[in-house]
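J.: Have a look at this prediction, sequence included:
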Amino acid sequence: MKNKRINIIAILLLTTSCHAASIAPLGGNPAGGEGYTYNLVLDAANKDTSSFQGTVGSWSWEDSRLPGDNTFWRHQSDWLAVTLTSDSVLRIQAERNDPVADIKLFPSFTIFRGINDTTEGPHFGSNVSDLQWEAGSQLLEYVGHHNNSVSGEIDERMTLAAGDYTILFGGNARSEIDAVNVAYSMTLTAIPEPGSSFLIALGGILLLRRRNR
Amino acid sequence: MKRIIVFNFLLVFQIVASAKEQLFFARETHPLEISPDGSRLFVVDAPGARLSVFATGAAPVLIKEIPVGLLPVAVRLRAPDEAWVVNELSDSISVVSLSQEVVVKTIPTGDEPGDVAFVGGKAYVTCSRDNRLDIIDLETYEKSGEIPLEGLFPRSLTSSSNGTRLYVSFLMTSNGTTILPRSIAPPQEVPGWANPELPEPPQTGKIVTTDHPEIPYQVQDHDIAIIDLAGPTTSYRGNLGTNLFNLTILPDGRILAPNSEARNLIIFEPELRGRFTLSRLAIIDENEVRQLDLNSNPDLTFPEIDREAATTAMAQVMSTLPEEDGQHVWLAAFGSDRLAKLRMSDLMITERVDLRSNDQSIGRNGQTVRGPRGMAIHPTLPHLYVFNKLSHTLTTIDRNRLEIIAETPVGSSPDLAPSLKLGRAFLFDARLSGNGLVSCASCHIDLERDGMAWDLGNPKGEVFSVPGAFLSLHAPNIFEDREMHPMKGPMVTQTLIGLVEQTKLHWRGDKPDIQSFNATFPDLLAAERLEESEMNLVADYLNKLRHHPNPNLQLDRNLPTELNGGNPVDGIAVYTLFDNHCSSCHLLPSGSSNNIDIPSTVGSFQPLKDTPFRTTYQRIHFDPTPGGISPSGYGIGSDGSLHELPIGHPYSLHILDDINRPPEVRQKEKRDLTAFILSFDSGTAPAIGQSETFAAQDIGNEKKLSRLEVLESQSSLGQYSEVSVVAHGLINGISRSFRYDPELDQYHPDLFEEHPASATNLLARLSSTDVITFTGVPIEDAGRLSTDRNSNQIPDRSEPLPTLQIQPGGTINWVQSASSWYPEISTDFENWTPLATPRRGDNGLFFQPLPNNVRRGFLRLRNTN
């Protein structure tokens, strides 16, 4: 019973021992990338977190009047390049940040695996499938999305393997609502992926037990 | 810098390439004036850019045509020998010496001047687009001040008999309505008689009265400005009408203001049919306003049409003139070609004159529709003279017998091709309408706007579609059918000028061409549909109409470097920046791609066409913010609810609000972009109409010479030039005309046998009493407006002289091609008098009878040029 208690304390200590690091995003493109508003590298081990602001169109993430289904406005959305140095849970918090209360921004996003490398190609695309702007350009592999059309703020988590990712961020107002640009605030936090946390904790327990012997 | 210059060149290239034939529509305000002794009648000839001088008598006879500025719209005698002519396109006053028969001074004014009045040693000029009066000192002939006015399009002027007050009428005023934006307007109510198959109508704005509880701003109802010249202080009178056409002061001090009232609180086309405007006369004194409806109330028979009332209807009264006794007033109905004599004691119309009463019933032609717009009464003869704008004639009426004595052309040259004149006539002729009350021009006043929004939706209609591309998405080859619901909601009246560049018409782009508006005749005017060939004439005419130049541009057509704190040149870069997408839809040069993009791009609930920016500078006067005060209830955008620049409509395809960009940069970009939009090229070169007058003492005037140089340079753009320069004046006391040849850099004279001369040479020839005026004109009109008035390639002063013949019975004749010649008679071969008897043309000859009392004398022909 005593060992069990020690193990729990050890796990807690190990999993909370790292202080969250605040990372300032870099404006523009990562190396080899094109079309990005920000790029940033997040280390889940440090629980890196990064906060920034931007402006997107109120229906930039999806506009039902555009050709095709689930279609976004390429240049009215913000594009974020995120490199995760380890498997992580990426926490995405966003809220509209406009003094006018009834401004319509319903933050929504799509995550693709890979970094976009071109500014060519059409000015719209699907927010629920892979993207390749033109032949020979980098394929952006659809990973997942969050479609929000009810709230001015979101707080979502996605489990992602280490690697490069592209986040398409925009609004999903009803198309008939007045088109406006809306300021937003966003915070991205890399949290150790639960599997990784478990292994760390397990390692810690084994180490403690070995010492106890 | 170099890139900007190159871009500017490209811009000019596009603009010039888009403009070929150019017609301008004149809004005559005070088109004729009679001399105090009645011997001479002075009439503006807008198409000919001349002041026509008539000798009066049994019938007026044209004796002189004096070149003035472009689009003369008002003439006032300032002294027995001095007439002031207000030039609407030239933005100037031509001061004419009547004895010398020449312009002796050109005084620049504000944009689109309309009228002039002389009070207390000063001249006051309405500057319509600038919403102000210019004050001109009558000793120096120079501008000495301005009076800003809180009203739109000040036009007509009159002064009190004691010279202490000045009255100004506004053409576009409020009628107490405004627009409730679609974001807060209630859903459209579908009437019970609507097409049951219709889907739910779009969310639109709603026309409401300005005292509506959800309207947080004020709309001024300023119909007349009253200027107490002692201050000067300005006060306003309202509730007189929507569009005030003129002002006349009676001997007893009452003011007459003929006006039309827009009934735009009635919604839907079927409900407005035949009755959407009322023609009225406001009679104003210090304490009260009496509004006289000049026609039967169409509501009493609606929805039936009152064809009986139509036979005497008076639509769009644009001129009033009191008889000498002040007990009766003549009214001229511009839309109906009728005059009426109003008894002021009981406000009863006692007499009517139909200006078409002498027409032979052989069908309609270009001369059928008169368009009476100004009147003068002879001080001793029983003659009433009527200026007919549309037929370009002067009708003389015997006031005792109420008969038409004569109808005389205003100028010696044709004003407009007969087919174009007929096409134009359909737009103004209220006699085509069922009740006789309305025409296209009832809302498109003088083919422009009335400043109102109208809900012309038709719940009986059907949904239809028009394809549109996704230009805002840079996908010009992807089209989608834009569905058009017939209940389109309120939309602001658009101008009919400048349509040639537009391949889709209406705010929604739902009309493919002008001809497709034929349904408006039966559906809105309660008229018969026009024949297809007739609609083609309408389209031919409208497609030739051009806007006035944008006064914010420089004389050489370049953008100014500063406007309202912004730099328009820098604004081009903001406008064309990819990230802002302005030019993706608002394509240069007109500002419209003629595409119907997706509604969400502009925050609309229904499809809308990209609108041109040619005249945006004319329409920024609406402030719907809480506490705001506006001279009109309508701003920009399709329903008039928008007001801000540079982001004129809800829009997000730009980076002007990107908070990651420095705010000071974004603010400058917005100022620059606004300045560029307000300087948008109207499609007409600013040099057109601009004049410089030189007397001998001005030969070394650098400022004048510099402006002349710019005018000449504007005609030196080779095939892209749309400007030419003409010159008129006295050289050694003789009236002469010249036309600039950019290849020679010299002026061709109006004589074959004379060599071309440079401007310097012409100026060097001026004697101490000579004067010459140089004017920029549309290139295709240069010959007609200068050395070759009849366009027969023979200079005017080298034309063969006509022969005068006397027939047995005392009638003289000469060839009709010599239309600029008139007969004079003398008994002593020294004193010559114009032969003022009615003239008729027949079989290529003019015939004119000698007066009965003439037994012997000499006759000669004299030229009016």
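T.: It's in.

J.: so where's the longest strand in chain A?
T.: Longest strand in chain A by number of residues (criterion: DSSP state E): strand A:181-192.

J.: Let me see the mean pLDDT of that one.
T.: Strand A:181-192 shows a mean pLDDT of 94 in the predicted model.

J.: Could you tell me which strands sit next to that strand in the sheet, and their orientation?
T.: When sheet partners are counted by DSSP bridges, strand A:181-192 sits next to strand A:49-57 (antiparallel), strand A:88-96 (antiparallel).

J.: contacting residues for the residue nearest to the spatial centre of chain A?
T.: When C-alpha atoms, centre = their mean is applied to chain A, the residue found nearest the centroid is A:I92 (5.1 Å). A:I92 makes contacts with A:F109, A:H146, A:I154, A:D155, A:E156, A:R157, A:M158, A:I167, A:M186, A:T187, A:L188, as judged by C-beta atoms under 8 Å, 6 or more residues apart in numbering or on different chains. No exception for glycine: its C-beta is placed from N, CA and C like everyone else's.

J.: The third one belongs to a helix?
T.: So the one you mean is A:I154. No. Going by DSSP: H, G, I helix; E, B strand; the rest coil, the assignment for A:I154 is strand, not a helix.

J.: so where's chain A uncertain?
T.: A:1-19, A:99-102, A:174-178, A:195-213 (pLDDT under 70).

J.: Show me which residues of chain A sit near chain B.
T.: Proximity of chain A to chain B (C-beta under 8 Å from any C-beta of the partner chain) is limited to residues A:27, A:37, A:53-60, A:63, A:65-67, A:73, A:75-76, A:122-124, A:175-181, A:183.

J.: what about burial for these, which qualify?
T.: By neighbour count, with 16 or more other C-beta atoms under 10 Å in any protein chain shown, the residues of chain A next to chain B hold A:37, A:54-60, A:63, A:65-66, A:73, A:75-76, A:123-124, A:175-181, A:183 as buried.

J.: Can you flag which of these belong to strands?
T.: A:G54, A:T55, A:V56, A:G57, A:W73, A:F124, A:N181, A:A183.

J.: Among the residues you listed, which one lies nearest to chain B?
T.: Among these, A:G57 lies closest to chain B (C-beta to the nearest C-beta), at 3.5 Å.

J.: Please give me every residue in contact with that closest one.
T.: A:W73, A:Q76, A:S77, A:G170, A:G171, A:A179, A:V180, A:N181, A:V182, B:S652, B:L653.

J.: And the furthest pair within these?
T.: Greatest spacing in those, by C-beta to C-beta: A:S77 and A:V180 (14.5 Å).

J.: Next up, identify which helix or strand B:A26 is on.
T.: Applying DSSP states H and E as the criterion places B:A26 outside every helix and strand.

J.: Correction: the previous question concerned B:R671.
T.: helix B:663-678.

J.: Burial check on the closest residue in space to B:R765 that isn't next to it in sequence, number of neighbours?
T.: Distances taken as C-beta to C-beta, 6 or more residues apart in numbering or on different chains place B:I731 nearest to B:R765, at 5.3 Å, with adjacent residues excluded. When counting by other C-beta atoms under 10 Å in any protein chain shown, one arrives at 18 neighbours for B:I731.

J.: B:D359 too?
T.: 16.

J.: Tally up the residues packed near the closest residue to it other than its chain neighbours, please.
T.: Closest residue to B:D359 apart from its sequence neighbours, by C-beta to C-beta, 6+ apart: B:T368 at 6.4 Å. Close neighbours of B:T368, defined as other C-beta under 10 Å, add up to 19.

J.: can you tell me which residues contact B:T368?
T.: Applying C-beta under 8 Å, 6+ apart to B:T368 gives the contacts B:R356, B:D359, B:S391, B:L422, B:A425.

J.: Would you confirm that B:Q515 belongs to a helix?
T.: Yes. Per three-state DSSP, B:Q515 lies within a helix segment.

J.: which residue does the stretch 401-550 of chain B bring closest to chain A?
T.: For the stretch 401-550 of chain B, C-beta to the nearest C-beta, closest residue to chain A: B:H474, 4.7 Å.

J.: In space, what's closest to B:F276 - neighbours in sequence excluded?
T.: The nearest residue in space to B:F276 (C-beta to C-beta, 6+ apart) is B:R263, at 5.4 Å.

J.: how far away is the one you found from chain A?
T.: 30 Å (C-beta to the nearest C-beta, to the nearest Å).

J.: can you check B:G700 too?
T.: 57 Å.

J.: and that residue, how many neighbours?
T.: Neighbour tally, B:G700, other C-beta under 10 Å: 8.

J.: Report the beta-bridge partners for B:I93.
T.: B:V86, B:I107.

J.: Was I right to think it contacts B:T109?
T.: Yes. At 6.1 Å, B:I93 counts as touching B:T109 under the criterion of C-beta atoms under 8 Å.

J.: what residues are shared contacts of these two?
T.: With C-beta under 8 Å, 6+ apart, B:I93 and B:T109 have common neighbours B:V86, B:V125.

J.: Looking at these two, which one has more neighbours?
T.: The residue with more neighbours, out of B:I93 and B:T109, is B:I93; 29 against 26, by other C-beta under 10 Å.

J.: contacting residues around the more buried one?
T.: With C-beta under 8 Å, 6+ apart, B:I93 has these contacts: B:69, B:84-87, B:105-107, B:109, B:113, B:116, B:123, B:125, B:136.

J.: most surrounded residue in those residues?
T.: Highest neighbour count within these, by other C-beta under 10 Å: B:P113, with 32 neighbours.

J.: and chain B, which residues reach chain A?
T.: So chain B meets chain A at B:183, B:203, B:470, B:473-475, B:478, B:480, B:579, B:598-603, B:605, B:650-655, B:657-660 (C-beta under 8 Å from any C-beta).

J.: Separate out the buried members of those.
T.: B:203, B:470, B:473-475, B:478, B:480, B:598-603, B:605, B:650-655, B:657-659.

J.: now, which of the residues you listed lie within strands?
T.: Per DSSP E, the subset of these in strands is B:F470, B:A475, B:I478, B:E480.

J.: Tell me the spatial nearest neighbour of the last one, not counting adjacent residues.
T.: Right, B:E480. The shortest distance from B:E480 to any non-neighbouring residue, by C-beta to C-beta, 6+ apart, is to B:G468 (6.3 Å).

J.: Report whether that neighbour is found in a strand, as I expect.
T.: Yes. Counting by three-state DSSP, one finds B:G468 located in a strand.

J.: all helices for the chain, in order.
T.: Since no chain was named, I'll use chain A. A:2-16, A:194-212 (DSSP state H).

J.: Switch to chain B, please.
T.: Taking DSSP H to define them, one finds helices in chain B at B:2-18, B:269-272, B:307-310, B:418-428, B:520-523, B:532-542, B:568-576, B:582-585, B:663-678, B:702-714, B:759-764.

J.: Can you redo the ones you listed as JSON lines, where the extra columns are mean neighbour count and mean pLDDT?
T.: Converted to JSON lines, the helices of chain B look like this (neighbours: other C-beta atoms under 10 Å in any protein chain shown; pLDDT from 0 to 100):
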{"stretch": "helix B:2-18", "mean neighbour count": "14", "mean pLDDT": "38"}
{"stretch": "helix B:269-272", "mean neighbour count": "19", "mean pLDDT": "97"}
{"stretch": "helix B:307-310", "mean neighbour count": "16", "mean pLDDT": "92"}
{"stretch": "helix B:418-428", "mean neighbour count": "21", "mean pLDDT": "96"}
{"stretch": "helix B:520-523", "mean neighbour count": "18", "mean pLDDT": "97"}
{"stretch": "helix B:532-542", "mean neighbour count": "18", "mean pLDDT": "97"}
{"stretch": "helix B:568-576", "mean neighbour count": "22", "mean pLDDT": "96"}
{"stretch": "helix B:582-585", "mean neighbour count": "21", "mean pLDDT": "92"}
{"stretch": "helix B:663-678", "mean neighbour count": "20", "mean pLDDT": "97"}
{"stretch": "helix B:702-714", "mean neighbour count": "17", "mean pLDDT": "96"}
{"stretch": "helix B:759-764", "mean neighbour count": "17", "mean pLDDT": "96"}
